[in-house]
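1. sequence first, then the predicted structure:
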Amino acid sequence: MTVDDSDEASWSQFWASGSLTAFYGQSDNYSPEFIAFWRDVLAEPVDRIIDLGCGNGALTWIVDEIVNQPEATTEICGIDLAAIEPFAALKKDRRDYPKVSFFGDTSITAMPFETDSVDIAVSQYGIEYSDIVSVLPELERVLKPEAKLAFIMHDEQSAILSSMGYTARGIEFLFQSGGYYDGLFRLDKIQNKKKNVKKLQADPEYRKTVRKLQQIKRSVEGFPPPLRDFLMQHIKGTNRLFAKGLPLKSQNRRHLIKKRRRLLEGTLTRYSELTQAALSRAQYENLIGQVEQEGFTLVQSGNFMHKIDSKTTTNMGWILVAER
């Protein structure tokens, strides 16, 4: 999923936290429409499926549920350049998934599989984070003469990019124009100096800082949901670190504030990497051409459309299904 050492370290830390997807506010697997798509792709029984840029296996677990129920017969291998350990991160028992394995610290341009040994290569929001041009020859090597590849990839014009961009702007408000964390650290410093509550509340700098934080909170309350709910949950959780009944030492409180700040910084990092990975229409069409040059026949292409209601659909990314 990642393309250089700094990205690899960042993603390794992210997946170790137990996240299942890289999307803000989403902790479970994908919607029924995605699952229906994969059921169609995986309708025929095969021996081995590989999941490219798998992260903590959001798609890998879905594939296993589709092809290995009620009897486990298909080997499923997730590959990621990050140092992933999905069984440990998600607290899953390996005995419940006898045909599932993961290869962390592994480039999908040099996979540990024999030539002509893979039936299907899949990826959902993963392969586009790599150098796809370099991946295709390796897929040509490991895939069997009769094989299939199926990808869902980020589109730079998708609803996901739009939603994540809006979230990023909200987080940046806290970091920059809002000065939220500067206020928290200042509040901690003042509170640490003045142990007496009455003296603390009478301190002009304390009162000024509290007013500033309250102003930021009111601004966030004016944001539309779900961004408002996401940021308010974060603010309320951080504010509890200053509760009277919570006997936190300043050093411990500052550590927890920094930890919560890093969570939002991580979301900004995910968004930045997402914008770099997402494919334009020209890049997508070029990829189709390269896939066809490798001897594959295009089966399905275009945008993956998510139905919101009876009248509205939204673009969730690019589809590419090909076989030979």
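-> Nice, I can see it. Numbers count the residues shown, from 1 in each chain.

2. first vs last residue of stretch 81-89, how far apart are they?
-> 16 Å (CA to CA, to the nearest Å).

3. give me the nearest residue to Ile190, chain neighbours excluded.
-> Closest residue to Ile190 apart from its sequence neighbours, by CB to CB, 6 or more residues apart in numbering: Tyr206 at 4.8 Å. No exception for glycine: its C-beta is placed from N, CA and C like everyone else's.

4. again with Glu323
-> Using CB to CB, 6+ apart, the closest residue to Glu323 is Lys148 (4.3 Å).

5. from Val122, how far off is that neighbour?
-> 9 Å (CB to CB, to the nearest Å).

6. and those two? which has more neighbours close in?
-> Val122 (26 against 22; other CB atoms under 10 Å).

7. can you give me the end-to-end span of stretch 149-164?
-> Stretch 149-164 end-to-end distance (CA to CA) = 28 Å.

8. any common contacting residues for Lys148 and Val122?
-> Shared contacts of Lys148 and Val122, defined by CB atoms under 8 Å, 6 or more residues apart in numbering, comprise Val41.

9. next up, identify which helix or strand the residue nearest to Glu323 is on.
-> When elements are assigned from DSSP states H and E, Lys148 belongs to strand 143-153.

10. go on, Val135?
-> helix 132-142.

11. between that helix and strand 143-153, how many degrees?
-> Put simply, helix 132-142 runs at 150 degrees to strand 143-153, going by axes from the mean of the first three to the mean of the last three CA atoms, to 10 degrees.

12. how far off centre is helix 132-142?
-> How far helix 132-142 lies from its chain's middle: 24 Å, per CA atoms, centre = their mean, to the nearest Å.

13. show me what that helix is packed up against.
-> Helix 132-142 is packed against strand 118-124, helix 281-293, with contacts defined by 3 or more CB pairs under 8 Å, 6 or more residues apart in numbering; DSSP states H and E.

14. which stretch among these comes nearest Glu265?
-> Nearest of these to Glu265, taken as CB to CB: strand 118-124 at 25.3 Å.

15. if we can go back for a sec, what's the pLDDT at the residue nearest to Ile190?
-> You'll see Tyr206 listed with a pLDDT of 88.

16. does anything pack onto whichever strand or helix holds it? Which helices or strands?
-> Taking DSSP H and E as the criterion, Tyr206 maps to helix 204-221. Packing partners of helix 204-221 (3+ CB pairs under 8 Å, 6+ apart): helix 159-175, helix 180-193, helix 227-239.

17. kind regards, and thank you for your time.
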